[in-house]
Structure formats: structure tokens, C-alpha cells
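Trainee: All I have is the shape, not the residue letters:
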């Protein structure tokens, strides 16, 4: 019986594929196809077998004929062909399934996860008929699939899901598999129903970081549903990706009350929390916003204020620095002090002019910390302003002298030497230390002699410090002319030298040195800034 069926199938196929027979009427061809269909799988199997070996033209005729034979009843034969080792055959059969709609594509879902079925071919067919797929069935099959195939299925679900599947998705979002739950959350994020929004908010506290991130991404896509308080709370999340997503969402929302919820994070015990808070400020920080944050910790413990300022200083970018420098001129003394402390750590050149202005602030703390900040920046452009402050602000003299020593501008040597005239021991001690820093190979000998000569009548403490400075210079610059301490007892050249270094051309009542016994410096010709050597 099977031989007879094979014979009949072969004759019908030959007639249907014969180019000469194609000239017949459509009705005749329809009858031939009907007869071939009555033979069951026999004819279809022979056609599929021939399809794998056929040339291009013949393959087109076979594919056309198979497309006319494709329905739910014959679909299993086509499905079986997707497991064939002949990749050309698999590709041609999959194209028949893609191009014809005479079957229910949901019947192919049982092939998902079958290792013998070409995954690429099957997914191409399902993609072509995705609008006719049953999402509920897809969801049920998805749980048993390997990661790659499961991701592809969820992508399909995401493309075709509509409001009707929301209840099913909501029921599955609390399942055990976190990877599946992440996929479901991403699909739910397409919808804005109240139930979906509340579910996403609840998932922000999910134990799985991937679910939290997916929920946050979903809420971020619905800006009107965002809650800045909740988002700021997400900055405490230990997962970096969740933090980054929260930062992006807060910046994008830029709510007016952001700083209210950001302030506590600036002094959080965890560094990653403080860093996340400052990253937000790096994007949306303004002088007013920074001021609000500083005011929020005004009455807090010192460590709270210090931790907040430290976070702004160490992590703050250009936007934060720009905002902080403007606060140096704020009316509130606390704000100015806080701004100065932040800039002391940033060492940013852009704050230079603001810090120079702060040298004349009414608050001593601001003035002296501005001096420290200028020294930390290390730009010698601040030297003239520091010299002026040295002359007008007696109490700040030690701080200014330290800054001048750190900046290392030897043009101020004569200004520093003048501080040895001051009666305050702390100022004299700091001046000696600064002179030791400013001395170079060309000036060390002269500075050492001047120090010893000018401190002859000073207190024992200062004389001892002067001798120590002299000895250190001698040791440091031993290759330069010897610093013979005995020379300071002689009059003449040595006294003239000491006086010349102590005197600037602007001193109206400067003593004149006795006539030298050898060529000497012209004291009256010296001008501020002149180099000695």
C-alpha cells in the first residue's frame, strides 16, 4: 500500500513541478494539490526531501507548493524538518513557515527548548508571527528555557504584550527565579496603570539587585510617577548599577525639593552614599543648592559638618567648585567658613581670585583659611596680596609667613626679614622658619648672616632659633661660601649686608650703614623685589 502511495505522490509532484503543467488552469492545479494532500504526509515528506537538494529555481517551485500544503495538520512534518542536519533545508523550510500564515504559530511553542531544533530558525518563525502568539503560553514555556532562548522569548513577549496580560505578569513578578522576575519587571515597565506603578515602587526594596534596578528603570521611564524622596533613598543601595540608575533619575527629575532629601546623604557613614550624593550635585548643583545643604548641617555635630564638607571637596566636580566659590561672598559667616574649608581641599585654580578677595573678609577664620587655601594651590600670583595682608593683619602674621614659605617666592625675603623686628616671639619664630624655606644657593650665606646679626639682642629663645636656622642653611648649602658665624662680630661689610637685606626702598627712616672698607651694596638703590646676590 505504501508503495502505491509513494508512486501516486511522485506522479502528482512531477506534474505540479513540471513547468509545462504550470500552464494549466488554476482549477486543475488546485485539484492536483488536493489529491496530493489526501495522500497525507507522504507527498510532503518527498517534497521536503527534494527541497534540500534542489537548485534555486526548482527550490522556489517546491517552496511554493509546500506553502499551499502547510496547515495545522501538516505542521508537524515541517517542524520535524527544523531538526534536520542539512542547514540549507532548515533555512528553506523556516522561510516557508515565515511566509505562510495557514497554521497556528502557537503550535510551535512546544519546540522551545528542544536541543535538536534550530533555535535561530524557530525564533525567526515566531518573530514573523508574533502578533498571533499567545503571551500566556509563551510565559509558561519561558520558565523551562535556557538563558539565551528565554531572553529571546521575553523579548517577543515584550513586543506583543498588551493590557490584557498585565494581571498575569503581576502574578508572576513575585516568583522564585530572579532572572525571570527581572524580565517580567521590564515588560511591566511599558505600562502606566496604577497597579503597575505601585508594584514597581514596592520592588525598589527587592532583595535581588537586578530586580531593583529593573524596577528603578521602569519608574524612571514614567517621570510623572517618580518620587524624589524614594529615589534619594536608592542612593544608599550597595549595588553600583542601582546607584548610577538612581543618580540619573534624580538628575533627570531635578525636583525642587531634591536638596531636602540629599542633605542627610552627604554625611552618611558609608562613603559610597556620600559619593552618590555629590555625583548628583555634580550635575544639578547650584550656589543656592549648595547653600541649602550647608545650612541643613549648620546646627549639627562637628563631625557631621566636617563629613559633608569633605564629601563636597573630594568628590565635587567643576559644577560644585563653581557653586562653592560664589559662596565665599555670602552674608552668612557659617556659609563662608564652610565654603573656605571645601576649597582648602579642592586646591582648584579657579578659586584663586575669590580666595584673594577673602583675605579681606571680616571674619578672622575666613581670612586665615583663605591664606592656607592659597598656599595649597601653590600659585605665586597670590604673593602680593599675602604681603599686603602681612603688613596690615598682625594676628595673621604667622599664618601668612607659613604660606609665603610654602609658595617659595624669594622676592619676599626682605619682607620676611622685617618681621624679625616684631616683638611677638611666634612671629619671629615663623619668620626664621620661612627664611630657611626661601633661602637658595645664591642667598643662603647672606640670609644666614643677616639672621644672626639682626637677632643679636633678641630673647635667648629667638637667638637659639636663629643659630639653628643659620646652621641648617650652612649644612644645606655647604658648597656655597662658608657661613662663618664669627664674621657677624665684625663691623663694616657684614653690618652693611645685614641692613641691606632688612631694608626695602620704601622705608623712610632706615639707618645708613657706616662707610664700608670694601665694595658694598648700595642700600638706597634697592627696591622691593630686588634679588640679592
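Mentor: Arrived safely. Since the structure is predicted, the reported quantities are computational estimates derived from the model, not experimental observations.

Trainee: going forward, measure contacts between C-alpha atoms and count neighbours the same way
Mentor: Will do.

Trainee: didn't residue 94 look like it was pressed against residue 125?
Mentor: Yes: at 6.4 Å, residue 94 counts as touching residue 125 under the criterion of C-alpha atoms under 8 Å.

Trainee: These two: which is more packed in?
Mentor: Neighbours per residue (other C-alpha atoms under 10 Å) separate residue 94 from residue 125, with residue 94 holding more: 22 against 19.

Trainee: any idea of the pLDDT on the more buried one?
Mentor: pLDDT, residue 94: 95.

Trainee: ok, now how distant is the spatially closest residue to residue 200 that is not a sequence neighbour from residue 231?
Mentor: When the adjacent residues along the chain are set aside, residue 200 lies closest to residue 215, with 5.1 Å between them (C-alpha to C-alpha, 6 or more residues apart in numbering). Separation of residue 215 from residue 231 (C-alpha to C-alpha, to the nearest Å) stands at 11 Å.

Trainee: My read is that residue 141 contacts residue 109, right?
Mentor: Yes: applying C-alpha under 8 Å as the test, residue 141 and residue 109 come out as touching, 7.4 Å apart.

Trainee: Could you give the number of residues near residue 475?
Mentor: There are 13 residues near residue 475, going by other C-alpha under 10 Å.

Trainee: Can you point out the buried residues in the helix or strand containing residue 274?
Mentor: Per DSSP states H and E: residue 274 is located in helix 271-284. Applying a neighbour-count criterion of 16 or more other C-alpha atoms under 10 Å, the buried positions in helix 271-284 are 272-284.

Trainee: Adding pLDDT and distance to residue 197, write those residues out as a markdown table.
Mentor: Output for the buried residues of helix 271-284, formatted as a markdown table (pLDDT from 0 to 100; distance: C-alpha to C-alpha, whole Å):
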| residue | pLDDT | distance to residue 197 |
| --- | --- | --- |
| 272 | 92 | 28 |
| 273 | 92 | 26 |
| 274 | 90 | 28 |
| 275 | 90 | 29 |
| 276 | 92 | 25 |
| 277 | 90 | 25 |
| 278 | 90 | 28 |
| 279 | 91 | 27 |
| 280 | 91 | 24 |
| 281 | 88 | 27 |
| 282 | 87 | 29 |
| 283 | 88 | 27 |
| 284 | 86 | 26 |
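
Trainee: What's the per-residue pLDDT of the residue nearest to residue 200 here?
Mentor: What the model reports for residue 215 is a pLDDT of 92.

Trainee: show me where pLDDT drops low in the chain?
Mentor: Across the chain, the ranges flagged by pLDDT under 70 are 1-42, 223-225, 479-533.

Trainee: For residue 318, list the residues it contacts.
Mentor: Going by C-alpha atoms under 8 Å, 6 or more residues apart in numbering, residue 318 touches residue 282.

Trainee: just to revisit the earlier point, if you count contacts, what does the helix holding residue 274 end up packed against?
Mentor: helix 240-253, helix 258-266, helix 302-315, helix 318-326 (3 or more C-alpha pairs under 8 Å, 6 or more residues apart in numbering; DSSP states H and E).

Trainee: Now do it: distance to the chain's middle.
Mentor: 9 Å (C-alpha atoms, centre = their mean, to the nearest Å).

Trainee: and what of stretch 114-121?
Mentor: Between the centre of stretch 114-121 and the centre of its host chain there is 42 Å, according to C-alpha atoms, centre = their mean.

Trainee: what sits up against it?
Mentor: 82-83, 90-91, 94, 111-112, 149.

Trainee: okay, how far is it across it, tip to tip?
Mentor: By C-alpha to C-alpha, one end of stretch 114-121 lies 12 Å from the other end.

Trainee: Could you pull out the strands in the stretch 51-200 of the chain for me?
Mentor: Remark: strands of the stretch 51-200 of the chain are absent; assignment by DSSP state E, counting those that start in this stretch.

Trainee: what about the helices in it?
Mentor: Using DSSP state H, counting those that start in this stretch, the helices of the stretch 51-200 of the chain run over 56-69, 75-81, 87-99, 119-128, 135-142, 147-160, 166-172, 178-188, 194-202.

Trainee: among those, which is nearest residue 317?
Mentor: Closest approach to residue 317 among these (C-alpha to C-alpha): helix 194-202, 31.2 Å.

Trainee: after the closest one, next one along is what?
Mentor: Tracing the chain past helix 194-202, the next element assigned as helix or strand by DSSP H and E is helix 209-220.

Trainee: just checking, what packs against the helix or strand following that following helix?
Mentor: Going down the chain from helix 209-220, the next helix or strand is helix 228-233, by DSSP H and E. Packing partners of helix 228-233 (3+ C-alpha pairs under 8 Å, 6+ apart): helix 240-253, helix 258-266.

Trainee: Columns distance to residue 136 and mean neighbour count on top of those, output as JSON lines?
Mentor: What follows is these, written out as JSON lines (distance: least, C-alpha to C-alpha, whole Å; neighbours: other C-alpha atoms under 10 Å):
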{"stretch": "helix 240-253", "distance to residue 136": "30", "mean neighbour count": "20"}
{"stretch": "helix 258-266", "distance to residue 136": "41", "mean neighbour count": "21"}
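
Trainee: where's the strand or helix carrying residue 446 relative to the chain centroid, distance-wise?
Mentor: According to DSSP H and E, residue 446 maps onto helix 444-454. Relative to the chain's own centre, helix 444-454 is displaced by 54 Å; criterion: C-alpha atoms, centre = their mean.

Trainee: gap between the most centrally placed residue in the chain and residue 289?
Mentor: The residue lying closest to the centre of the chain (C-alpha atoms, centre = their mean) is residue 279, at 7.2 Å. As judged by C-alpha to C-alpha, residue 279 and residue 289 stand 14 Å apart.

Trainee: highest average neighbour count across the helices of the stretch 51-200 of the chain?
Mentor: helix 178-188 (a mean of 22; mean count of other C-alpha atoms under 10 Å).

Trainee: tilt between it and helix 194-202?
Mentor: 140 degrees (axes from the mean of the first three to the mean of the last three C-alpha atoms, to 10 degrees).

Trainee: which outside residues touch helix 178-188?
Mentor: 143, 151, 154, 157-158, 161, 166, 169-170, 172-175, 196, 200, 208, 210-211, 214-215, 218.

Trainee: Same check on stretch 269-284?
Mentor: With C-alpha under 8 Å, 6+ apart as the criterion, stretch 269-284 contacts 235-238, 243-244, 247, 250-251, 254, 262, 265-268, 308, 311-312, 315-320.

Trainee: ok, back up a step: next, the angle from the helix holding residue 274 to helix 302-315.
Mentor: Using the same axes, to 10 degrees: helix 271-284 against helix 302-315 is 60 degrees.

Trainee: Counting by contacts, list what the helix or strand following helix 271-284 packs against.
Mentor: Going down the chain from helix 271-284, the next helix or strand is helix 287-296, by DSSP H and E. Judged by 3+ C-alpha pairs under 8 Å, 6+ apart, the packing partners of helix 287-296 are helix 258-266, helix 318-326, helix 333-346.

Trainee: What lies in contact with the first one?
Mentor: Same thing as helix 258-266. 228-229, 232, 250, 273-275, 277-278, 289, 292-293, 296-297, 307-308, 311-312.

Trainee: Over to residue 300: give its phi and psi.
Mentor: Backbone torsions for residue 300, taken as degrees, to the nearest 10, come to phi -80, psi 170.

Trainee: And it, how far from residue 186?
Mentor: Look at residue 300 and residue 186: by C-alpha to C-alpha, they are 42 Å apart.

Trainee: now do residue 174
Mentor: 14 Å.

Trainee: do the same with residue 316
Mentor: With distances taken as C-alpha to C-alpha, residue 316 is found 33 Å from residue 186.

Trainee: swap in residue 417?
Mentor: Here residue 417 is placed at a distance of 73 Å from residue 186 (C-alpha to C-alpha).

Trainee: now swap in residue 398 and tell me
Mentor: Distance from residue 398 to residue 186, by C-alpha to C-alpha: 63 Å.
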